[in-house]
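> my questions are about this predicted structure, shown below with the sequence.
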Amino acid sequence: MSILASDARVIDGTYFDGRSARGVAARLVACANGRCDLQMDDQQRCIDMASVKVSARIAHIPRRIDFSGGGHFETLDNDGIDALQIQHAQHPGLVQWFERQWKVALFSLLSVVLVAVLFFTFGVPWLAQRVADVMPVSADAHLGKGVLEVLDGRLLKPSALSAERQLQLQQRFDEVIRNQRGAGNWQFELRNAPIVGANAFALPGGTVVMTDQLVALAQHDEELMAVMAHEVGHVRRRHGLRQLLQSLGVSAMAMAVFGDVTSLSTFTGVAPALLQAGYSRDMEREADAYSRVWMGQHGIAQRRFDDLMCRLAASHGSTSGSKYDYFASHPAISERARCAQ
Amino acid sequence: MSNDNTDSVFDAPAPVTAPRTLPFEFRGSGSEYFRIWIVNLLLTIITLGIYSAWAKVRRLRYFHGSTSLDGHAFDYHAEPKAILIGRLITVGGYTLFVLAGKINPLLNLVVVPLLLFGLPWVIMRSRRFHLRMTSWRGLRFGFHGDYKGAFKAYILWWLAATFTAGILFPVFLQRRLTYLLGNSAYGSQRAGYDVAIKQFYAFYGWFILKALGVLILAAVVCGALVATTGSGAMGSAPVSGTLAAVFFVAGLLVAGIYQAGQLNLAFGNLTIGPHRIESTLSGPGLAALLLTNALLIVITLGLYSPWAKVRLIRYQLAHMQVIATGDLGDFTASATADDSKALGDEISDFFDVDFGI
Ligand SMILES: [Zn+2]
């Protein structure tokens, strides 16, 4: 309609009474002293601008003025309405101005990317840690419960080691968990795992599982104790619970951002998986550090850890990951241990 | 497709005007929506999610207001505060439930009855809210479906279809669409949706044949590919990648055929008083659009999504039109009370509930 009416003298539009779908051509004119005249074919209404509700401006879509007694005036003359609002000391709103500026759009885009990167690298892990801190320790145990049963049926077989050797290793584990305060019902399990190979993992709550293949790979019991300390580190730092909380946070964010485009579900499924891999890498580093500190405190040479890690890397390059990340997965070996050439 | 049980207003003297074909006009553009989308996103982040309710209203107002019929645009009236309350309850309830379920797995057993009895309520409330908040020419739309109807259509007929190994599936879909569309209203005028079950069986029969055809074609293409490159090449990355791409395209084509057919069956049989809607979407056309949208979104790391959304809506509206008989100004408002509780709509948003249209 009339684009020329930006001086707010005349705003052309349509009036609907709200009782029928029949619209009447109408114009808003002679606005002064907080009042406007709404002129229609056969009648004229005096409108008190303080009593009406003017809709927010969004791009080019029609603007509406809702009258207090029902009925509304609709117009495409957005500039005219803006001028009218300013004339009546009402602010047209900042958001609509933002939405029209490419500068603001570009700034928003950069900010969103920056905030997203910061949030996913620091925010999510930090939040997960805080939430985990307020959750009872029993939550960990519930998380880990049943996982070993499931694995036992599929990937793991009873240990083939002699009872004597098993007892020996149990004593080593007892040494590692001695003086570990609070957290966990500590439990040590040995399993024969031909498919998984040499590995160890911790279940939330305190169960540490080690495979016969890892025991065979070790050349000194202190090497196995270094691994046990690494797994104890996972339990003590509550990595299982934190991982769950982080994945909840990531998927909530992904949904908030791309939620209105349904065909995107595959895309939003991939991003959390990638981020998750990054988080568990951080957790491995944390567990490694835990182990190295423990070794230092108990007079075990740091090279015990390096030796086993390097032999492990040589024996099976890479392992497929699992829900409760295997000891040997994720970070590059060069980063975790110093290997002899 | 004629509808005789219309309001008395329309029964009276037969309309003298010949039926007119009125297209849906869509004036939205990707570049406009991009700016709305990105500002919405930034403000939502800055306000820790609170602004998302205002963002939803602006987004829906933009799409409603960009769509016009017979020279008049649609509008959306929801109050952001009502939406915010609905969102807070939904997110809070969901978070508590997930955490509780992880700690005590027994709680997960409640999910099944919760879904069975909660879903119909969510669907009913969501439709009611969304249609009540939508207007055209100063009149609100409405929804008159009740809980019992939703439970029957969505749960009982779904169970019946499941227990009969899918034989009753078309009946379930017919009940579903009849509930959703037949209970809709514009002003005081109830919509009509009267499609015989055999039309649904015909649609599904054709759909299954077409889907089989597409899949067989994909298998033949893959077979030819493997034959020409030699069976040894099966494991190589470029060959297995091509095979996966062929089946991805085939899957999208099947999805396009299904969605287009379903939309045509739904909106193409909808009547409102003496007026009816025509819907002529084509399956391959929709599939091509979904495919290019998906590719561009992945290539641009999600940046293309506002354009994708605009393209999809423009395409769908371009294939729908109203066949109007008589004056579209004859509608009157209904006396239904304003329903402004958004919880049901927010739950359905959050879980992306599929209404079956
Ligand atoms: Zn580890």
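Cool, the structure landed. These figures come from a predicted structure and were not determined experimentally.
> need the contact partners of stretch A:138-148.
Stretch A:138-148 is contacted from outside by A:156, A:183-185, A:189, A:203-207, A:209, A:235, A:238, A:240-241, A:244, A:323-324, B:102-105, using C-beta atoms under 8 Å, 6 or more residues apart in numbering or on different chains. (Glycine included, C-beta is placed from N, CA and C.)
> before we move on, what about stretch B:182-193?
Applying C-beta under 8 Å, 6+ apart, the external contacts of stretch B:182-193 come out as A:21, B:3, B:5-7, B:127, B:131, B:136, B:139-145, B:149, B:177-178, B:181, B:194, B:269-273, B:331-335.
> so what would you say the end-to-end distance of it is?
5 Å (C-alpha to C-alpha, to the nearest Å).
> where exactly do the helices run in chain A?
A:78-87, A:94-100, A:102-118, A:124-134, A:138-144, A:147-154, A:163-177, A:212-217, A:221-236, A:239-258, A:265-297, A:303-316, A:333-336 (DSSP state H).
> on that earlier part again, report the buried members of the contacts of stretch A:138-148.
Among those, the ones that count as buried by 16 or more other C-beta atoms under 10 Å in any protein chain shown are A:156, A:183-184, A:189, A:203-207, A:209, A:235, A:238, A:240-241, A:244, A:324, B:102-103.
> quickly list the domain ranges of chain A.
If you go by automatic domain parsing, the domain ranges for chain A are A:2-98, A:112-336.
> check chain B for its longest strand and report it.
strand B:20-26 (DSSP state E).
> for it, buried residues please.
Buried, per 16+ other C-beta under 10 Å, within strand B:20-26: B:22, B:24, B:26.
> for B:Tyr157, which non-adjacent residue is spatially closest?
Just to correct that, residue B:157 is Trp rather than Tyr. B:Phe172 (4.2 Å; C-beta to C-beta, 6 or more residues apart in numbering or on different chains).
> quick one: which of the helices of chain A is nearest the ion?
Across those, the ion has its closest neighbour in helix A:265-297 (4.6 Å, C-beta to the ion).
> give me the pLDDT for the residue in the stretch 1-150 of chain B positioned nearest to the ion.
Nearest residue of the stretch 1-150 of chain B to the ion (C-beta to the ion) works out as B:Lys102 at 21.0 Å. pLDDT, B:Lys102: 71.
> so it makes contact with A:Leu244?
Yes: B:Lys102 lies in contact with A:Leu244 (C-beta atoms under 8 Å); the separation is 6.4 Å.
> residue closest to the middle of chain A?
A:Val250 (1.6 Å; C-alpha atoms, centre = their mean).
> show me the strands in the stretch 201-350 of chain B, by range?
Along the stretch 201-350 of chain B, the stretches classed as strands by DSSP state E, counting those that start in this stretch are B:270-272, B:275-279, B:320-324.
> next one: stretch B:223-232 to chain centre, how far?
41 Å (C-alpha atoms, centre = their mean, to the nearest Å).
> buried set for that stretch?
B:Val226.
> what separates the residue lying farthest from the centre of chain A from chain B, distance-wise?
Here chain A reaches farthest from its C-alpha mean at A:Asp42, the gap being 60.4 Å by C-alpha atoms, centre = their mean. Per C-beta to the nearest C-beta, to the nearest Å, A:Asp42 is found 17 Å from chain B.
> which positions in the stretch 101-250 of chain A make contact with the ion?
Residues of the stretch 101-250 of chain A found near the ion (C-beta under 5 Å from the ion): none.
> quick check: residues of the stretch 101-250 of chain A near chain B?
Applying C-beta under 8 Å from any C-beta of the partner chain, we find that the stretch 101-250 of chain A lies next to chain B at A:101-102, A:104-105, A:108-109, A:111-112, A:115, A:135, A:138-139, A:142-143, A:146, A:244, A:248.
> re earlier: of the contacts of stretch A:138-148, which belong to strands?
Judged by DSSP E, the contacts of stretch A:138-148 include A:189, A:203, A:207, A:209 as members of strands.
> next, the contact list for the second one, please.
Taking C-beta under 8 Å, 6+ apart as the criterion, A:Leu203 is in contact with A:143-144, A:147-148, A:209, A:235, A:240, A:324.
> can you do 10 Å?
A:Leu203 makes contacts with A:140-141, A:143-148, A:151, A:187, A:189, A:209, A:231, A:234-235, A:240, A:323-324, as judged by C-beta atoms under 10 Å, 6 or more residues apart in numbering or on different chains.
> which non-adjacent residue is nearest it?
The nearest residue in space to A:Leu203 (C-beta to C-beta, 6+ apart) is A:Gly144, at 3.5 Å.
> picking that back up, so the residue nearest to the centre of chain A makes contact with A:Leu244?
No: judged on C-beta atoms under 10 Å, A:Val250 makes no contact with A:Leu244 at a distance of 11.1 Å.
> mutual contacts of the two, please.
With C-beta under 10 Å, 6+ apart, A:Val250 and A:Leu244 have common neighbours A:Ala128.
> show me the helices in the stretch 101-250 of chain B, by range?
B:111-132, B:147-150, B:157-163, B:169-182, B:197-229, B:237-267 (DSSP state H, counting those that start in this stretch).
> so which of those gets nearest B:Trp307?
Of all the helices of the stretch 101-250 of chain B, it is helix B:237-267 that lies closest to B:Trp307, at 18.4 Å by C-beta to C-beta.
> for that closest one, which positions count as buried?
Neighbour-count burial for helix B:237-267, with 16+ other C-beta under 10 Å as criterion, is recorded at B:239, B:242-243, B:246, B:249-250, B:252-267.
> now that helix, how far from the centre of its chain.
With C-alpha atoms, centre = their mean, you get 18 Å for helix B:237-267.
> quick one: is it near chain A?
Yes: taking C-beta under 10 Å from any C-beta of the partner chain as the criterion, helix B:237-267 and chain A are in contact, through B:248, B:252, B:255.
> packing partners for that helix?
Taking 3 or more C-beta pairs under 10 Å, 6 or more residues apart in numbering or on different chains; DSSP states H and E as contact, the helices and strands that helix B:237-267 lies on are helix B:169-182, helix B:197-229, strand B:275-279, helix B:283-299, helix B:305-318, strand B:320-324.
> let's have these in TSV, adding mean pLDDT.
Below are the helices and strands packed on helix B:237-267 laid out as TSV (pLDDT from 0 to 100):
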stretch	mean pLDDT
helix B:169-182	92
helix B:197-229	89
strand B:275-279	92
helix B:283-299	89
helix B:305-318	92
strand B:320-324	92
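> list the contacts of B:Asn108.
B:97-98, B:100-102.
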